[in-house]
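Trainee: How does the following fold in three dimensions:
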Amino acid sequence: GNSVVMLFSTKIFLFMELQGQLTIPVYLANILLYLSAVLVSFFASVPQQYFGQRKTLLFGQSMMVLSLTCTTIFSLLDIGVGVLISMIALACTFQLTLAPIYFIHASETCVDAAIGFGSQNLYIAMLVSMVISSKIIDSFGNAYVFLLFGVISFLGYLYMYFCVRDTTFGHRIEDIFADD
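Mentor: Sure thing, here's the model as predicted:
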């Protein structure tokens, strides 16, 4: 969802402007979105230091689901300011939680080959989502793209809740996988 917001924000805002949903210029909406994401990224390591990786990951994923759901609802109700605020919340949540956690968690639990494989899968998934999202935006509009990624994010939350273990606060890797 975050990749779609960041890569297609101009297209999304132009679509909203054509529908009469956006009351500020498209360039200003983009500046607000990107500036917020950049400023928040300076504090990316703070949440996992205080709350641990698993709690940060689950909180981030749940906030992504909430942000995508709100973006869908606001888009369907033609509330442009709500869509913009939800998109900013989505981008900021991603920068604070999920973006740094992937690399931190992978470096603590995987060998170098697994990190490389995981990174390749991440970028392939981003490429596929970019191609699919563009076609969905053109065919159905913004709301259904956000709805689709909201459902996918919810499924991701369920996977993380049941399958991802915490690796922070002095847990040894042997202790984490001792249950297996």
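Trainee: Please enumerate the helices of this protein.
Mentor: Shown for the chain, the helices assigned by DSSP state H span residues 2-7, 9-18, 26-41, 46-51, 53-76, 80-93, 99-109, 112-140, 142-163, 173-176.
Trainee: got the buried residues for the third one?
Mentor: The one in question is helix 26-41. 26, 29, 32, 33, 36, 37, 40, 41 (16 or more other CB atoms under 10 Å). Glycine gets a C-beta too; all of them are placed from N, C-alpha and C.
Trainee: what angle do it and helix 9-18 make?
Mentor: 140 degrees (axes from the mean of the first three to the mean of the last three CA atoms, to 10 degrees).
Trainee: what is the rounded mean pLDDT of helix 26-41?
Mentor: Mean pLDDT, helix 26-41: 89.
Trainee: cool, the shortest one as well?
Mentor: Here the mean pLDDT over helix 173-176 is 55, rounded to a whole number.
Trainee: Could you do the longest one as well?
Mentor: For helix 112-140, mean pLDDT rounds to 73.
Trainee: Equivalent analysis for the second one, please.
Mentor: Helix 9-18 shows a mean pLDDT of 85.
Trainee: for it, packing partners?
Mentor: Packing contacts for helix 9-18, counted by 3 or more CB pairs under 8 Å, 6 or more residues apart in numbering; DSSP states H and E, involve helix 26-41, helix 80-93, helix 112-140, helix 142-163.
Trainee: Likewise for the fourth one?
Mentor: Under the contact criterion of 3+ CB pairs under 8 Å, 6+ apart, the helices and strands touching helix 46-51 comprise helix 53-76, helix 99-109.
Trainee: got these as TSV, with mean neighbour count columns?
Mentor: Listed next are those as TSV, based on neighbours: other CB atoms under 10 Å:
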stretch	mean neighbour count
helix 53-76	21
helix 99-109	17
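Trainee: of these, which approaches residue 138 most closely?
Mentor: Nearest to residue 138, of all those, is helix 53-76, at 15.0 Å by CB to CB.
Trainee: Show me how far that closest one is from its chain's centre.
Mentor: 8 Å (CA atoms, centre = their mean, to the nearest Å).
Trainee: for that helix, packing partners?
Mentor: Judged by 3+ CB pairs under 8 Å, 6+ apart, helix 53-76 is in contact with helix 46-51, helix 80-93, helix 99-109, helix 142-163.
Trainee: Which among those helices is found nearest to residue 17?
Mentor: Per CB to CB, nearest to residue 17 of those: helix 80-93, 8.4 Å.
Trainee: returning to that earlier point: relative to residue 119, which of the helices and strands packed on helix 53-76 is closest?
Mentor: helix 99-109 (8.1 Å).
Trainee: What mean pLDDT does the closest one get?
Mentor: Here helix 99-109 scores 69 as its mean pLDDT.
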